Every structure is written in structure tokens, then in C-alpha cells.
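Chemist: Here's a sequence, model it:
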Amino acid sequence: MSEHGPLDAQDLPKVSAVDRLVEQIRDLMAERALQIGDPLPTERELGEMFKSSRNTVREALVVLRAYGLVETRPKVGAVISGGHGEAIRRLFSFHSGISPDSFLDLQGFRRLVEIGVGEHIILHAAEADFDGLEAVNDRLLVAPSVQEAAQADYEFHAAMIALSGNRTTLAAYQLLMPVIVELMEIGKASRPVQANTHQAHREIIAALRSRDRIAYAYLISRHLEFGLRFVSDAAPADRHRGGS
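Modeler: Just a heads-up that it's a prediction; the model follows:
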């Protein structure tokens, strides 16, 4: 509400044509499951698809390049870029080893997000949604390598966030994927650690199924703090051994 009463349409912040097109292109990337190196439609095609002018399309691509989501290649045009992942890795300085402080900062962000989405999941998710989480979690037990186990771990948490239905929250989590996956690799060379992670995920799903907010928040917090035991003693040379 404003100080003079309820908000009406003219009080709401206006979304520019460029910002709206940026969101539409991001949605297109997700819908088509575009991977690093895949080309986007041409500027003309994007303009026709979204009823946007050539200038608006070009400005939207500038924004996406600034975020590191796309890059321009000669004779190809705009393609999906992996540059944002490297930028985030540099931000957290993981190339020098993961410090306890960096770990706590990242896990603190994840705790805020994952506990936050729990309320929506508890209120709105169906049994089929929880069955889907179980299926994603089971990939962890058959992952043949540390990297694939870490990716399976990440996919479980991303699937849980996707159940919130909030695309902005999921997009923010996905932007941090390279760092989160690298963090999850710590400790995962140990099969017992993978089994422990799988069991922790099952307990989290059980709390969601029973609509138990307190248990869910406790289990998420405990789960996200688990990897600190590996970080505290890990030397930079050992950082790819794998954890949760």
C-alpha cells in the first residue's frame, strides 16, 4: 500500500521493453534447454518472436552479455556462454581453495533460499512432486564419478527450488551452479559421504511430505553445514575430492 491507500496500476514500477525482452529470452533459453555454445535465434528472429524492435533486441543482448549469459561469435552470432560461471568462481576465489568463511557465506545464501522455498512447497506441492524429488535424489547413488555425484546433488536442490514456482529464485540459484557444484565435490570421493547425502535428502523430503516446517528448516540447516568438516582441513590440492 502507498501512504494514501491501496496501490493501483499507475503506482506499480514499470518494466522497460528491454527488461521484459531479457526475461523472455531467458525463458526461451530454459524452454529449449540451450547449452553452452548453442546459438540463439538471430536478432531478426528474436524481434519477430517477441514483437520487439531491432534496437530493443540489441539492447537486450547487451544486457545478457553483461551478465555473461551470451557471447557473440564471428559468423555465428549470439551463443550461450559459460562466462558467468568463471566470473562467479573468481568472485569466490575458489582457485585458491575453499576457505571456511567462503563456505559459510555460500551456504548461508543457500540456507536463506532453501528454507524460504519450503513454505511454498509445504503448502502447494503434491505427492507426485515429492516422488519426483526422490527420483532425482536416487541419481546420487549411481553416479560413477565425483563430478557426476556433485551434479546429481546440485540437481536435487535445484529441483526442490523449482517447486517454489519462483523463476527469479531459481535463476539466481542456477547462476551460482558452478560454485555450488565445485563446493559439493568436496568429500564425494568417499562412497559413505554420497550415501549420507542421499539419506539426508530423503529426510528432507520426508519432512516436506509430512508438512513439518520446523523439521524441514532444521534438516536443511544441518545438511548445509555438513560439508564444513571437509573444508576446514582441506588443502587447495585436495579441493576436488568431493562433499555435500
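Chemist: okay, and the helix or strand of the protein with the least pLDDT?
Modeler: helix 83-92 (a mean of 57; mean pLDDT, DSSP states H and E).
Chemist: okay, now the domains of this structure?
Modeler: When the chain is parsed into structural domains using automatic domain parsing, the resulting residue ranges are 9-81, 87-238.
Chemist: from these, which stretch is densest packed?
Modeler: domain 87-238 (a mean of 17; mean count of other CB atoms under 10 Å). Just so you know, the C-beta spots here come from the backbone N, C-alpha and C atoms, and that holds for glycine as well.
Chemist: So which elements touch the stretch of helix or strand residue 194 belongs to?
Modeler: Assigning secondary structure by DSSP states H and E places residue 194 in helix 191-209. The contact analysis (3 or more CB pairs under 8 Å, 6 or more residues apart in numbering; DSSP states H and E) places helix 191-209 against helix 100-124, helix 127-142, helix 146-162, helix 213-225.
Chemist: please redo it, this time with the cut-off set to 6 Å
Modeler: The helices and strands touching helix 191-209, judged by 3 or more CB pairs under 6 Å, 6 or more residues apart in numbering; DSSP states H and E, are helix 127-142, helix 146-162, helix 213-225.
Chemist: ok and it relative to helix 127-142, angle-wise?
Modeler: 180 degrees (axes from the mean of the first three to the mean of the last three CA atoms, to 10 degrees).
Chemist: how far out from the middle of the chain is helix 191-209?
Modeler: Relative to its chain's centre, helix 191-209 lies at 19 Å (CA atoms, centre = their mean, to the nearest Å).
Chemist: Stretch 135-154 too?
Modeler: Once both centres are worked out by CA atoms, centre = their mean, stretch 135-154 turns out to sit 16 Å from its chain's centre.
Chemist: Okay, now that stretch: how far is its last residue from its first?
Modeler: 14 Å (CA to CA, to the nearest Å).
Chemist: And stretch 222-229, by the same measure?
Modeler: This stretch, stretch 222-229, spans 12 Å end to end (CA to CA).
Chemist: can you tell which of the helices and strands packed on helix 191-209 is closest to residue 193?
Modeler: helix 146-162 (8.8 Å; CB to CB).
Chemist: just checking, what packs against the closest one?
Modeler: Using 3+ CB pairs under 6 Å, 6+ apart: helix 146-162 touches helix 127-142, helix 167-175, helix 177-184, helix 191-209.
Chemist: Nice, that's everything, thank you.
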